[in-house]
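Enquirer: Quick one, structure for this:
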Amino acid sequence: MTDLILVGIGDIAKSKHEPAIAASEDFTLRAAVSRHHTVEGVENWSDYDDFLVDGPEGALSLTAPPEARLAMTRKAIAAGRDVMMEKPPAPTVSAALDLAQRARKAGTALLGSWHMRHGIAVLEAQRWLSGRRIRRVDVEWSEDVRKTHPGQDWVFEAGGFGIYDNVTNAFSLMTILLPDALCVTSATHEIPENRSQPIRTDLEMEAGDAPVALKADWRHEGERIFRIEIETDRGTLVLPDGGHALQADGKTLVEKGEDREYQALYASFAGVLAERRVDVDVRPLQLAADAFLLAAATRTDAFDF
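Expert: Prediction:
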């Protein structure tokens, strides 16, 4: 078992990371680092710099927001620590690539995680699509930001990604399911008049010769919609809930089951540690950056939590 330190104790750390670590056969939670919260039963540190100097040994799982996580990861690598970064791996593509280069030079293991790739239906979807030609892809990726990020104003600030905090999850699936590279061809953003980042996006993309359309809205009411439909030359595949279920030509291939994404994510991190690898895939982040480069932005009604 590898000792693990959880850095940044917020909603995602508590609801996703802590249970996954508790269920892990690879890791033992040794300590937590947070300015505002503690974790029962382990060492707790409020100052990250002090922790790096005097804290216990172990790999780090960094769940702080992207802007803070960048500096934290650089410091951890300089201190010789192995690190897993919650998605997205950094606030910009160049920063993510820089982290990967620093880790390689330092000889530390580094994982830029995309948790949705570890859904129970993803491997079967890859197998089903193998050898088929993609004709078109339609994606809807909408949820209620008041439920998923309650009161978290930082998601609408510069560097907070706005709706792309959500959409990069869709990108993380599309980039491993589709055989051809995705390219953004046009984008439309709706930005609340009192915010800096978009609350809605409509994207047109291409994957080889296949058109790809994506729409996402953070003002969606009711149950979230994480749907990917892929029409091929030999049938149509549907992921009706991200990577959690699978249908093909109207038949259920994988029923929705227990959400074990983060448990699988930590198993993946254990593999990265064992092989002393650097695994930082920037493609989902690159697609978000391309969308911002091409986007026609319009102002919409103010948004408050």
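
Enquirer: For the chain, which segments count as helices?
Expert: Along the chain, counting by DSSP state H, helices occupy 11-12, 18-23, 48-54, 66-78, 93-106, 122-129, 145-148, 164-177, 261-275, 283-294.

Enquirer: now those helices in CSV, with mean neighbour count and distance to I5?
Expert: Using the backbone N, CA and C atoms, a C-beta is placed for each residue, glycine as well. Output for the helices of the chain, formatted as CSV (neighbours: other Cβ atoms under 10 Å; distance: least, Cβ to Cβ, whole Å):
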stretch, mean neighbour count, distance to I5
helix 11-12, 15, 16
helix 18-23, 16, 10
helix 48-54, 15, 8
helix 66-78, 20, 9
helix 93-106, 17, 17
helix 122-129, 17, 28
helix 145-148, 16, 26
helix 164-177, 23, 24
helix 261-275, 19, 13
helix 283-294, 20, 25
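
Enquirer: For those helices, give me a markdown table that also has mean pLDDT and distance to I225.
Expert: A markdown table is the format used below for the helices of the chain (pLDDT from 0 to 100; distance: least, Cβ to Cβ, whole Å):
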| stretch | mean pLDDT | distance to I225 |
| --- | --- | --- |
| helix 11-12 | 87 | 20 |
| helix 18-23 | 95 | 25 |
| helix 48-54 | 97 | 37 |
| helix 66-78 | 92 | 24 |
| helix 93-106 | 97 | 27 |
| helix 122-129 | 97 | 18 |
| helix 145-148 | 94 | 13 |
| helix 164-177 | 97 | 11 |
| helix 261-275 | 96 | 18 |
| helix 283-294 | 98 | 19 |
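
Enquirer: now these as CSV including distance to V33?
Expert: Formatted as CSV, the helices of the chain follow (distance: least, Cβ to Cβ, whole Å):
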stretch, distance to V33
helix 11-12, 15
helix 18-23, 14
helix 48-54, 5
helix 66-78, 9
helix 93-106, 18
helix 122-129, 31
helix 145-148, 24
helix 164-177, 22
helix 261-275, 17
helix 283-294, 25
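
Enquirer: Which of those sits closest to H115?
Expert: Comparison of the helices of the chain against H115 by Cβ to Cβ identifies helix 261-275 as nearest, at 4.7 Å.

Enquirer: just to revisit the earlier point, to E40, which of the helices of the chain lies closest?
Expert: Smallest distance to E40 across the helices of the chain (Cβ to Cβ): 9.9 Å, for helix 18-23.

Enquirer: Restrict that closest one to CA atoms and write it as CSV.
Expert: Extracted as CSV, the C-alpha positions of helix 18-23 are listed here (Å, rounded to 0.1, in the frame of the first residue of the first chain):
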residue,chain,number,x,y,z
GLU,A,18,-12.2,10.2,0.0
PRO,A,19,-14.5,7.3,-0.6
ALA,A,20,-12.4,6.1,-3.5
ILE,A,21,-9.2,6.2,-1.4
ALA,A,22,-11.0,4.3,1.4
ALA,A,23,-12.0,1.6,-1.0
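
Enquirer: Run through the neighbouring helices and strands of that helix.
Expert: Applying 3 or more Cβ pairs under 8 Å, 6 or more residues apart in numbering; DSSP states H and E, we find helix 18-23 packed against strand 2-7, strand 27-33, helix 261-275.

Enquirer: what's in contact with it?
Expert: The contact list for helix 18-23, computed with Cβ atoms under 8 Å, 6 or more residues apart in numbering, reads 4, 6, 27-29, 39, 61, 262-263, 265-266.

Enquirer: So L265 versus C183, what's the distance?
Expert: As judged by Cβ to Cβ, to the nearest Å, L265 and C183 stand 28 Å apart.

Enquirer: ugh, typo on my part, it should be V238
Expert: Going from V238 to C183 by Cβ to Cβ gives 23 Å.

Enquirer: between those two, who's got more neighbours?
Expert: V238 (20 against 13; other Cβ atoms under 10 Å).
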